[in-house]
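Asks: make a model of this:
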Amino acid sequence: MKVHDGSSSFEQPRSAVVTSGTFDGVHIGHKKILKRLIEIARQKGGETVVVTFWPHPRLVLKPDNNSLRLLSTFEEKVRIFEELGIDHVVRVPFTKEFSQLSSDEFIRKVLVDKIGTRHLVIGYDHRFGKNREGSFEYLSQNADKYGFQVEEIPRQDVDHVGVSSTKIRYALEEGDIFTANEYLGRPYQIKGEVVKGDQLGRSWGFPTANLKIPEQYKLIPKDGIFACRVQWQQKRYDGMMYIGTRPTINGMQRNIEVNIFNFDHEIYGEMLTVDFVGQIRSDMKYENVELLKAQLFVDREDAIKILASHPWL
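Replies: Okay, here's the model as predicted:
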């Protein structure tokens, strides 16, 4: 797969089968569109092209609203596109100036002139251009003018899975990992750098890797204890993750810590990838540290049970 930073250097394939959108999370609804994209490309002997916008439009158009958290970084989206078998990903820099393009300008300047679209696939109710004025009806009426065919994934084909990026965000914010993972079609994932903490967990027999997530916009699930799996240097481990302010010891800041089972390596400064498998419990304050320590043993047993019932994908 080739990733193109902008459309100016994109070399048009013989027959470009295209879709466009933000694709945050690349969930199972998105995958229906991408699967159809691949089917058409195979039928026509063409190549698949995903046109996606980065940064996310809402981060640009509403920069003072810090409430939006995204399910995936651009790099994570690219990895999933590649796993699905997409040929090209075109990253269109989203700016306020770009947001002012009308639907006709977007179609002509990007989809036709730059990408050379021959077949366009969109999800139902997908809109684009300034004020989201472009629609499937508009595309259908003007397809001959633009020189490409257009296909809309029917509402019933998408609605029956009942999924959206918004629903997944809500599930994660409620700690409902099982629902989020079902909608994503894979475990929700974060990636962070291991930084030094106060090593309290180590003194309790539960050493943790404290993670710093580089992207401030990345959604972190609700505070609590989670069964998880950890990837480090192409090796995979079971574990449990804590997210919270450590109220039992009067912590002041939110921490993200993972206790990796059967692991004994110094990994400060290295990157870990963590897959969330299920929530064990919510964060809570205990009367004393001894009660918290005792609970950690229970948490570990619960994590082992959850992980045993959810094999590696």
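Asks: may I have stretch 80-89 exported as CSV, CA atoms only?
Replies: Provided in CSV are the C-alpha atoms of stretch 80-89 (Å, rounded to 0.1, in the frame of the first residue of the first chain):
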residue,chain,number,x,y,z
ILE,A,80,-5.8,-0.9,9.3
PHE,A,81,-6.3,0.2,5.7
GLU,A,82,-3.2,-1.8,4.8
GLU,A,83,-4.5,-4.9,6.6
LEU,A,84,-7.7,-4.7,4.7
GLY,A,85,-5.9,-4.6,1.4
ILE,A,86,-6.3,-1.0,0.3
ASP,A,87,-3.9,0.1,-2.5
HIS,A,88,-3.6,3.9,-1.8
VAL,A,89,-4.3,6.2,1.0
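Asks: next one: it to chain centre, how far?
Replies: In terms of Cα atoms, centre = their mean, to the nearest Å, the centre of stretch 80-89 is set 14 Å apart from its chain centre.
Asks: for stretch 46-55, same thing?
Replies: For stretch 46-55, the distance from its own C-alpha centre to the chain's C-alpha centre is 16 Å (Cα atoms, centre = their mean).
Asks: tell me which residues in it are buried?
Replies: Of the residues in stretch 46-55, 46, 47, 48, 49, 50, 51, 52, 53, 54 count as buried by neighbour count, 16 or more other Cβ atoms under 10 Å. Any C-beta I mention is one placed from the backbone N, CA and C, and that applies to glycine too.
Asks: same question, stretch 14-28
Replies: Buried, per 16+ other Cβ under 10 Å, within stretch 14-28: 15-20, 22-28.
Asks: just checking the distance from that stretch to the centre of its chain.
Replies: Its chain's C-alpha centre and that of stretch 14-28 lie 14 Å apart, by Cα atoms, centre = their mean.
Asks: ends of that stretch, what's the gap?
Replies: Its start and end residues considered, stretch 14-28 measures 29 Å (Cα to Cα, to the nearest Å).
Asks: how about the helices in the stretch 51-200 of the chain?
Replies: According to DSSP state H, counting those that start in this stretch, the stretch 51-200 of the chain carries its helices in the segments 57-61, 74-84, 96-99, 103-106, 136-146, 155-159, 165-173, 177-184, 200-203.
Asks: packing partners of the third one?
Replies: Counting contacts by 3 or more Cβ pairs under 8 Å, 6 or more residues apart in numbering; DSSP states H and E, the secondary-structure elements packed against helix 96-99 are helix 57-61.
Asks: distance check, residue 153 against residue 126.
Replies: Going from residue 153 to residue 126 by Cβ to Cβ, to the nearest Å gives 9 Å.
Asks: residue 39 too?
Replies: The span separating residue 39 from residue 126 equals 18 Å under the rule Cβ to Cβ.
Asks: next one: residue 20
Replies: When distance is defined by Cβ to Cβ, residue 20 is 8 Å away from residue 126.
Asks: in JSON lines, list the helices of the stretch 51-200 of the chain along with distance to residue 117, mean pLDDT and mean neighbour count.
Replies: As requested, these are arranged in JSON lines below (distance: least, Cβ to Cβ, whole Å; pLDDT from 0 to 100; neighbours: other Cβ atoms under 10 Å):
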{"stretch": "helix 57-61", "distance to residue 117": "21", "mean pLDDT": "88", "mean neighbour count": "15"}
{"stretch": "helix 74-84", "distance to residue 117": "17", "mean pLDDT": "97", "mean neighbour count": "17"}
{"stretch": "helix 96-99", "distance to residue 117": "18", "mean pLDDT": "90", "mean neighbour count": "12"}
{"stretch": "helix 103-106", "distance to residue 117": "11", "mean pLDDT": "89", "mean neighbour count": "17"}
{"stretch": "helix 136-146", "distance to residue 117": "8", "mean pLDDT": "86", "mean neighbour count": "14"}
{"stretch": "helix 155-159", "distance to residue 117": "22", "mean pLDDT": "58", "mean neighbour count": "13"}
{"stretch": "helix 165-173", "distance to residue 117": "24", "mean pLDDT": "95", "mean neighbour count": "18"}
{"stretch": "helix 177-184", "distance to residue 117": "28", "mean pLDDT": "95", "mean neighbour count": "21"}
{"stretch": "helix 200-203", "distance to residue 117": "53", "mean pLDDT": "74", "mean neighbour count": "14"}
